[in-house]
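Peer 1: sharing a model prediction with you, sequence too.
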Amino acid sequence: MARLIRCTVASTRKAQPLMPSVSNMIHSVFSKCGVSIFLGVQIWSFEVFQNTPCNFWNFIPSASMLGHLRVNASKTNYQIYTNIRNSAAINIDVYINRTEIARCNTVKYLGVLLDEKLKWESHISNTCLKISRNIGVMGRVKYFLSSKELMLLYNSIVLSHLNYCAMVWGTNYPTNVLAIHKLQKRALRIVDKKTFIFPSNELFIKYKVLKFPDIVLNLHIVVLLAFLNGTLPDAISSLFQLSRPLNTRGSNHFSVPFTYNVYRIFALPYAAPRTWNKIITTMHRDIEEVPRNKFTLKKHLKTYFIDKYEND
């Protein structure tokens, strides 16, 4: 008997929403249905039977919903996001204008590699490869540059990869991002021209550099600051909610949604409020006391993390 599967399909040639919205859409689908098909950004939901062909256009009520979107079927792939272990056994034939769409285990979207299990292993491996290559460049030129110049090189060819969409793929199990953190420590040792056995914690304090896990926490807080300032897009802003009542002693500023699923704690609606309540509420009990300037708040956060390194 064919299995009924609720699917979420998105078009391929729009790049308006942010990466967090894509991640949250997928994590939300996990809690509501067994399988999700992702073809890009704009989203439609429908139900199909497993092992039966389905035409993508049949599930779109009107061509006007696509706007000016023109999909090249020969260049379009699809993925199935599911929490089912044996996802390879799921077979759904997707067609666009009688052209069969190929299934792809890993797809690159806005510079981030999405895998079907959403463990971000492909993106982390690719980022490690890029950073490792750039660290090799730094190691070859360290004999000709000062530490100040090497720090500028670190900010441009290493830190840029660490910051890019880290709020999405960096919210992960510590073991999955351990390689990223090790490469960051190796880069700082090159900046200070130290051996590989030199304690890296001293270098983070000396150069006032945040460790990668703290970079991710910093990005979470910046997103919620944009929510307070009203500068987030509606699609992202709807993911967060302030706690009620506010400004009471010991209360959290943001409400953290409850979930039974372990993998959903890595989604932005769960991770960001939890980070804010853990860090910002210890610095400012009243939410009105929180600096609304991003650079001021980031300066306070850097001081908070550097003090924590010194106490370790």
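Peer 2: Perfect, thanks for sending it. Numbers count the residues shown, from 1 in each chain.
Peer 1: can you give me the helices in the stretch 151-300 of the chain?
Peer 2: All helices of the stretch 151-300 of the chain, identified by DSSP state H, counting those that start in this stretch, fall at 159-163, 166-169, 178-191, 200-207, 212-229, 234-237, 268-283, 294-311.
Peer 1: what about the first one, distance to the chain center?
Peer 2: Relative to the chain's own centre, helix 159-163 is displaced by 13 Å; criterion: C-alpha atoms, centre = their mean, to the nearest Å.
Peer 1: the fifth one now?
Peer 2: What separates the centre of helix 212-229 from the centre of its chain is 12 Å, taken as C-alpha atoms, centre = their mean.
Peer 1: point out the most buried one among the helices of the stretch 151-300 of the chain.
Peer 2: The highest mean neighbour count among those, using mean count of other C-beta atoms under 10 Å, belongs to helix 166-169: a mean of 25. All C-beta atoms are positioned from the backbone trio N, CA, C, and that covers glycine.
Peer 1: what's it packed up against?
Peer 2: Here helix 166-169 touches helix 19-32, helix 212-229, helix 268-283, going by 3 or more C-beta pairs under 8 Å, 6 or more residues apart in numbering; DSSP states H and E.
Peer 1: now those in a markdown table, with mean pLDDT?
Peer 2: Output for the helices and strands packed on helix 166-169, formatted as a markdown table (pLDDT from 0 to 100):
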| stretch | mean pLDDT |
| --- | --- |
| helix 19-32 | 45 |
| helix 212-229 | 93 |
| helix 268-283 | 90 |
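Peer 1: any idea how far residue 291 is from residue 300?
Peer 2: Look at residue 300 and residue 291: by C-beta to C-beta, to the nearest Å, they are 7 Å apart.
Peer 1: quick one, phi/psi of residue 93?
Peer 2: When read as degrees, to the nearest 10, the backbone of residue 93 gives phi -90, psi 120.
Peer 1: returning to what we had before: nearest to residue 148, out of the helices of the stretch 151-300 of the chain?
Peer 2: helix 178-191 (9.1 Å; C-beta to C-beta).
Peer 1: and that closest one, what does it pack onto?
Peer 2: Applying 3+ C-beta pairs under 8 Å, 6+ apart, we find helix 178-191 packed against helix 121-141, helix 147-157, helix 200-207, helix 212-229.
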